[in-house]
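Enquirer: sequence and predicted model, in that order:
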Amino acid sequence: MDTRIRTALATTLVAALTLGAAACSGGKRDEGTRGATNPATANNGAVLGGTPQRGGTLTVLSNQDFTHLDPARNWVMGDMDFGTRLLYRTLVTYKAEPGTKGGELVPDLAEDLGVSSDGARTWTFRLKRGLKYEDGSPITAQDIKYNVERSFSPDLPGGPDYAARYLAGAEGYKGPAQGKHLASVKTPDEHTIVFELRKPFAEFPYAAVLPTFAPVPKARDNGPRYDNRPFSSGPYKIESYARDKQLVLVRNTHWDQATDTVRKAYPDRLVVTMGLKANQIDDRLIASGGADASAVSWRKLSPESTPKVLTKADVRARLLAESTNCTEMVQMHTGRAPFDDVLVRKAVQYALDREAVMTASGGPALNDPASALMPGSLFGGRQPDTLGIPLTGDVEKARQLLKQAGRVDGFSTRITVSNGDKGVGEAIQQSLGRAGIKVTIETVDPSAFYDTIGDTGNRTDLVYTGWCPDYPSGSTFLPFVFDGRYIKEKGNSGNHSLFRDDATMKRMDEIAAMTDAAQADKAWQRLDGEILAKAPTAPAVVERMPLLIGTNVAGAFGHTSFGGQLDYATIGLKATSQSGN
């Protein structure tokens with residue numbers, strides 16, 4: 001039995017995360033792109049507000065609803081953070097600590113990080129005793145197996161697909177309807193679950209952090225409607241949920257902290273207020289008056305609000321802007337003309353003014369220009385300048401490429417952006433327009449954005465979106481964004497360029513089979529450049545997650561493994577009497 005693989009893996013991957021996080025928590029990447037100290041990152045690696053008191057109401061001000069809270073469908077960084085820290089637990093989770101320590105794994109529902117055998121093709125987890133749902137009923141291994149199986153259901157699209165990629169016999173499986181089950185997920189008793197994989201996967205404990213590996217009791221499953229009322233195995237349960245308006249969480253009295261080393265559950269209640277305008281959220285938190293002193297922001301700070309925050313020391317002291325771990329890109333529909341022509345796609349890469357996009361995203365204090373696909377954390381700290389394109393683009397080169405493609409007069413196309421990224425869409429529109437590519441912008445509410453662009457038959461030619469690695473390995477970035485074998489008609493995730501390239505997919509399989517982690521890292525880095533040369537996307541910026549908190553908020557930090565979103569496992573209030581409840 002290869003029982004020590006998990007220890008070696010943790011050491012290797014935490015070291016990789018340390019390199020990347022050091023670059024975004026106090027190293028060179030924390031300096032502004034003009035060489036001066038970046039005021040936005042002064043609180044990186046810190047916990048703001050001290051230790052919270054127990055009690056009170058924490059308010060989350062949001063411009064949107066959640067994309068999905070159903071653990072089978074939850075695969076957006078902020079939503080995963082919220083769901084797995086508050087509503088449901090997974091086999092394994094991340095430490096609740098800022099900086100590099102937030103990349104370390106700890107057991108959650110499981111007693112340990114899993115035991116591997118058969119050359120990391122089999123992983124066994126044993127559950128802790130005394131785990132209960134919100135009604136006091138026991139959490140069983142069969143409930144975790146059931147959620148893994150339901151993640152394959154065609155009517156529950158959009159969730160993490162690690163199970164589909166790695167479980168033996170998963171090809172063609174459509175979920176547990178009509179009593180069909182996966183033989184490769186075994187539950188010999190209520191406290192043991194065994195996963196049999198079709199190939200070695202030493203990183204499997206990192207996949208076990210994802211919501212797919214949370215429990216769902218079969219009796220509570222009601223298909224797509226489960227999104228509205230997940231059954232709690234975490235410290236809070238849903239009291240009420242009015243879509244696009246408000247979500248109220250209250251304590252799950254059957255959650256036992258003795259079984260949970262991560263979540264502190266300081267507030268009595270959490271209220272997510274939705275449908276607010278972005279500038280309204282910023283202004284309320286800048287003022288931090290009344291109940292807003294006990295509030296935090298769900299969305300990134302608006303670019304136009306950045307000066308209001310960075311120029312005021314007392315407000316800047318409440319700003320978190322962790323993580324440079326997510327690459328934003330213009331993804332092109334490579335299966336549809338004119339973007340089935342690599343010359344046209346390269347023209348987009350050369351026409352894109354990354355400086356304009358960066359400015360529209362909040363400026364150099366909150367973003368870095370992207371010069372590769374994977375973030376710098378997967379390159380040892382800094383992205384290489386793979387294409388060598390000037391920051392403001394090369395319009396003449398773009399026009400030459402279009403001429404070679406037989407499109408001297410350019411063409412018209414459409415791009416879909418989240419309505420919070422309209423300014424970014426306009427920067428892209430103007431950039432491409434210089435080369436003769438006329439772009440119409442279509443905006444979508446953030447909560448519907450991923451479902452919209454995941455509809456491969458009806459989406460626009462261009463989409464502006466990004467990807468954050470689920471853990472510090474190239475295997476969680478390039479295959480999920482560029483492997484054409486997992487493209488879905490509905491609920492498509494990651495590969496929004498719909499890129500299908502046989503040579504790329506073959507190389508991905510070869511790298512995945514490498515047993516030397518350092519060799520694999522180098523191979524993923526080389527493949528990054530090879531894919532970029534085929535131009536399925538145009539990298540734009542590597543973004544931070546700038547978030548403001550109220551003056552009465554404590555225990556706040558941006559968790560690097562959740563893309564810089566606040567860690568809801570340990571956040572709370574300084575004075576519970578000031579929360580308005």
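Expert: Structure's in. What do you need? Residues are numbered from 1 along each chain as shown.

Enquirer: please look at G136 and H254 and confirm they touch.
Expert: Yes. Here G136 reaches H254: they are 4.8 Å apart, a contact under CB atoms under 8 Å. Quick note: C-beta positions are derived from backbone N, CA and C, even for glycine.

Enquirer: more crowded one of those two?
Expert: H254 (17 against 9; other CB atoms under 10 Å).

Enquirer: which residue comes closest to that one once chain neighbours are left out?
Expert: K132 (4.3 Å; CB to CB, 6 or more residues apart in numbering).

Enquirer: got it, and V342?
Expert: Distances taken as CB to CB, 6+ apart put A535 closest to V342, at 5.6 Å, once the chain neighbours are dropped.

Enquirer: how close does that neighbour get to N74?
Expert: Going from A535 to N74 by CB to CB, to the nearest Å gives 31 Å.

Enquirer: which of those two has more residues huddled nearby?
Expert: Neighbours were counted for A535 and for N74 using other CB under 10 Å; N74 has more, 27 against 24.

Enquirer: could you point out which element follows the single longest strand found in the chain?
Expert: If you go by DSSP state E, the chain has its longest strand at strand 319-332. Elements were assigned by DSSP states H and E; along the chain past strand 319-332, the next helix or strand is helix 342-351.

Enquirer: may I see the buried residues of that next one?
Expert: Buried residues in helix 342-351, counted by 16 or more other CB atoms under 10 Å: 343-351.

Enquirer: and those residues, which is closest to I415?
Expert: V348 (10.5 Å; CB to CB).

Enquirer: and for D385, the neighbour number?
Expert: Applying other CB under 10 Å, we find 10 residues neighbouring D385.

Enquirer: who's in contact with the nearest residue to it once chain neighbours are set aside?
Expert: Distances taken as CB to CB, 6+ apart place S371 nearest to D385, at 4.4 Å, with adjacent residues excluded. Counting by CB atoms under 8 Å, 6 or more residues apart in numbering, S371 touches 383-387, 539.

Enquirer: so which of these sit within strands?
Expert: Within these, residues falling in strands by DSSP E are P539.

Enquirer: ok, which stretches of the stretch 351-500 of the chain are strands?
Expert: Remark: strands assigned in the stretch 351-500 of the chain by DSSP state E, counting those that start in this stretch are 367-369, 411-418, 437-444, 462-467.

Enquirer: so who does G56 touch?
Expert: Contacts for G56 were tallied using CB under 8 Å, 6+ apart; they are 267-269, 294, 572-573, 575-579, 581.

Enquirer: pLDDT wise, what is the residue nearest to V342 at?
Expert: At A535, the model reports a pLDDT of 98.

Enquirer: same check, this time on A23
Expert: Residue-level pLDDT assigned to A23 equals 30.

Enquirer: now G26
Expert: 30.

Enquirer: just give me the neighbour total for D221.
Expert: D221: 19 surrounding residues under other CB under 10 Å.

Enquirer: kindly report the same for A287.
Expert: A287 has 13 nearby residues by other CB under 10 Å.

Enquirer: give the buried residues for stretch 266-276.
Expert: 266-274, 276.

Enquirer: let me redo that: stretch 215-229
Expert: For stretch 215-229, a neighbour-count test (16+ other CB under 10 Å) marks 215-217, 220-221, 226-227 as buried.

Enquirer: ramachandran angles for the residue nearest to D385?
Expert: phi -120, psi 10 (degrees, to the nearest 10).

Enquirer: please apply the same query to P546.
Expert: Note on P546: backbone dihedrals following degrees, to the nearest 10 are phi -70, psi 120.

Enquirer: what about it, distance to D108?
Expert: To D108, P546 is 29 Å away according to CB to CB.

Enquirer: okay, E31: pLDDT?
Expert: In this prediction, E31 carries a pLDDT score of 33.

Enquirer: my bad, T7
Expert: pLDDT, T7: 31.

Enquirer: where in the stretch 451-581 of the chain is pLDDT low?
Expert: In the predicted model, the stretch 451-581 of the chain carries pLDDT under 70 at residues 580-581.

Enquirer: residues contacting K277?
Expert: The contact partners of K277, taken as CB under 8 Å, 6+ apart, are N63.

Enquirer: distance-wise, check it relative to L366.
Expert: Separation of K277 from L366 (CB to CB): 19 Å.

Enquirer: over to L113?
Expert: The gap separating L113 from L366 is 35 Å, by CB to CB.

Enquirer: now do L548
Expert: L548 is 12 Å from L366, where distance means CB to CB.

Enquirer: which residues do these two both contact?
Expert: Common neighbours of L548 and L366 (criterion: CB under 8 Å, 6+ apart): L301.

Enquirer: for A293, phi and psi?
Expert: Residue torsions, per degrees, to the nearest 10, at A293 are phi -60, psi -20.

Enquirer: same deal with the one 5 residues further on?
Expert: With angles defined as degrees, to the nearest 10, W298 shows backbone torsions of phi -90, psi -40.

Enquirer: in contact with it, which residues?
Expert: W298 is in contact with 60-64, 78, 272, 281, counting by CB under 8 Å, 6+ apart.

Enquirer: hmm, try it at 6 Å
Expert: Residues in contact with W298 (CB atoms under 6 Å, 6 or more residues apart in numbering) are 60, 62.

Enquirer: so how far is L61 from it?
Expert: In terms of CB to CB, W298 sits 7 Å off from L61.

Enquirer: quick one: stretch 217-229 to chain centroid distance?
Expert: 23 Å (CA atoms, centre = their mean, to the nearest Å).

Enquirer: quick check: the gap between G169 and V60.
Expert: Distance, G169 to V60, using CB to CB: 41 Å.
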